[in-house]
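[1] fold the following and give me the result.
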Amino acid sequence: MGLSDFYSPESLFSQSNGDLPAAYRNTIVCGDCCDVLRLIPDNCVDMIVTSPPYNFGLEYDRCCDTLSWQRYFTGLKAALNECIRVLKWSGRLALNIQPLFSGQLPTHHILSHYLLSEGMIWKVEILWDKRNYNCRYCTWGSWRSPSSPYLKYTWEFVEVFCKGTLRKPGKRTEADISAEEFKSWTSAHWKIPPEHRMKRFGHPAMFPEELVERLLKLFSYRGDIVLDPFNGAGTTTFVARQLGRTYLGIELSEEYCKTATQRLAMI
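    Below is the predicted model of the structure:
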């Protein structure tokens, strides 16, 4: 099986990039991500950094995190379709997901396979090592028996895909990653502690700012447009603004939108 079985021909996507309307630049929009994204033109976002709900029973403000798996994946694939559409030719999509859930579904494989089937090009899989964070949970399955042991994961994945081409054009003067950062971060094993301020921001599943900083510096330029369609408490939009990127955050919860806006006001 060759790459042609997964990577669609370049003609699948238009190479004509457009502009994100001013109303969506440097803003947080409250609403369902699919509904909001349908209002945005094709090919106008440089990079998407997001972590959708895990469907793991977490207590989000508005989102149900205990859907049937069929409904969960149907909704998530619809959102990914809109993400692909608004992403520019040469844009990047970075998707943070856990490797396995209680339903025994390897979500990172399912979503990666789906993105490949939609013509996206796989760039890299980053192992986000959370430094034994999940070892505090005492779930072993069949205790001391080969019957059905349960293995705990102390990491998550970030799957990075490209639209149309692996190379992203841009001015070298607008790259803001240092030599030491580049050498360190191009190892796909990132040891980053999890976010420890989730109670402060009132959100049960935030990724740390350092994770977003590395992704933006490695895969985007200053001035690029960064989207998070599941913006939550606003980590992506906060870091994007700090790093001189134009941002757009979409979030269903009004409370999380307020939190994200308040974080931006701190910069």
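[2] in the stretch 1-150 of the chain, which spans are strands?
    27-30, 45-50, 87-97, 121-129 (DSSP state E, counting those that start in this stretch).
[3] out of those strands, which is closest to residue 148?
    Each of the strands of the stretch 1-150 of the chain was checked against residue 148 via CB to CB, and the shortest separation belongs to strand 87-97, namely 23.5 Å. For the C-beta atoms, the positions are set from N, CA and C on the backbone; glycine is no exception.
[4] wait, isn't residue 220 in contact with residue 226?
    Yes - applying CB atoms under 8 Å, one finds residue 220 in contact with residue 226, separated by 6.6 Å.
[5] now do the shared contacts for these two.
    When CB atoms under 8 Å, 6 or more residues apart in numbering defines a contact, the residues bordering residue 220 and residue 226 alike are 46-47, 245.
[6] just for the stretch 1-150 of the chain, where's the confidence low?
    Of all residues in the stretch 1-150 of the chain, those with pLDDT under 70 make up the ranges 1-11, 56-66, 100-103, 132-140.
[7] quick one: the helices in it?
    In order along the chain, the stretch 1-150 of the chain carries the following helices (DSSP state H, counting those that start in this stretch): 33-37, 69-86, 107-117.
[8] buried ones in the second one?
    Of the residues in helix 69-86, those buried by neighbour count under the rule 16 or more other CB atoms under 10 Å are 72-73, 75-76, 79-80, 82-86.
[9] how big is the angle separating that helix from strand 87-97?
    Computed with axes from the mean of the first three to the mean of the last three CA atoms, to 10 degrees, the direction of helix 69-86 lies at 150 degrees from that of strand 87-97.
[10] show me what helix 69-86 is packed up against.
    The criterion is 3 or more CB pairs under 8 Å, 6 or more residues apart in numbering; DSSP states H and E, and the helices and strands that helix 69-86 contacts are helix 33-37, strand 45-50, helix 107-117.
[11] compare those and give me the one nearest residue 197.
    In this view, the helices and strands packed on helix 69-86 are compared for proximity to residue 197 by CB to CB, and strand 45-50 is the closest at 18.6 Å.
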